[in-house]
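1. Compute the structure for the input listed below.
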Amino acid sequence: MNVWVWTFDPFQILPLVAAAAMYARRARTLSGQGRPVPGARQLSFYSGIAVLLVAFVSPIDHLGETRLLFVHMVQHILIGDLAALLVVLGLTGPMLRPVLALPYVGRLRVLAHPLVALPLWVVNLYVWHLPALYQSALTHDAVHALQHVLFFTAGAFMWSALVEPLPGPAWFGTGSKVLYIVAVRLFETVLANVFIWSGRPFYDRYAEAERLWGIGAVQDQIIGGSIMMIEGSLVTFAAFAWLFLRWMSEGEARDRLVEQGVDPEKAARLVRYGREERIPEARPSRRA
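-> Numbering: from 1, shown residues only. Next up, the predicted model:
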């Protein structure tokens, strides 16, 4: 049986192409207004779209649905963690403004609040891994599509609280963000350990599947949990490094603004969202 099957489902591909096209159009509009989206952000967004395409089109999709749990875990990590993070890193307030202006959409900003985004992400992660719901997703295409949409959406809101493409609560500074990342990875690690140490397969679909590459059902589940844990550790390390570098650079910029006479709280807010160069009083005078 050929397991290296590529999947070209227009219901999965077309929304991604449309999202990339709308992003490109908005980026051109902002550039024409003198507010260009930084190249790194654009690269991040398109990379996120590419990761989603790999998850949906490559043999990962077929192998994960029919033969190996750990491959399905890889697909979910690509969708709900890596692609969601890359897409969020590519977003800015001006980029999102037309979307937020749509009826009722602006109210969804509350889902990016850290005290809302984190619980939603945790509940979504754990509920979808319950055997009944997980197997239903494997059996019914509509449920599977909903699972993927919710994995990406919950992941995007979870990362939005941390990355803040839109301003977040004033209290959610670097220290709070460190605790936030620790909480995210703690919940993910607990779930990963359940798969690693359970000693029995949770999902009949994989337990009854024809064995591939000599990987048993329990071993398959252990590999899946291990991948979840390793990926989480690497992302956590990268997030800590990013927060440390950001904390250092923000501290220097904040001190510089305070020396120029800007109120400390206002200086902290300007630096936090990269707006210090856009405020007249944040610039040293020519005489100085």
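2. C-terminal to the host helix or strand of residue 52, what's the next element?
-> Residue 52 belongs to helix 39-57 when assigned by DSSP states H and E. Sequence-wise, the next helix or strand downstream of helix 39-57 (DSSP H and E) is helix 59-66.
3. just the angle between that following helix and helix 39-57, please?
-> Going by axes from the mean of the first three to the mean of the last three CA atoms, to 10 degrees, helix 59-66 is angled at 40 degrees with respect to helix 39-57.
4. after helix 59-66, next one along is what?
-> Remark: after helix 59-66, the chain's next helix or strand is helix 69-77, criterion DSSP H and E.
5. I'd like to know which elements that next one is packed against.
-> Applying 3 or more CB pairs under 8 Å, 6 or more residues apart in numbering; DSSP states H and E, one finds that helix 69-77 contacts helix 59-66, helix 217-259. In this view, the C-beta of every residue, glycine as well, is placed from N, C-alpha and C.
6. just flag whichever of those helices has the lowest average confidence.
-> For these, the weakest mean pLDDT is recorded on helix 217-259, namely a mean of 87.
7. mind checking how far that one is from the chain centre?
-> For helix 217-259, the separation from the chain centroid amounts to 12 Å (computed by CA atoms, centre = their mean, to the nearest Å).
8. That one vs helix 69-77, what angle?
-> Interaxial angle of helix 217-259 relative to helix 69-77 (the same axes, to 10 degrees): 20 degrees.
9. on contacts alone, who are the packing partners of helix 217-259?
-> helix 69-77, helix 174-197, helix 204-207, helix 264-272.
10. Just confirm residue 151 contacts residue 127, I think it does.
-> No: with contact defined as CB atoms under 8 Å, residue 151 does not count as touching residue 127 (11.1 Å).
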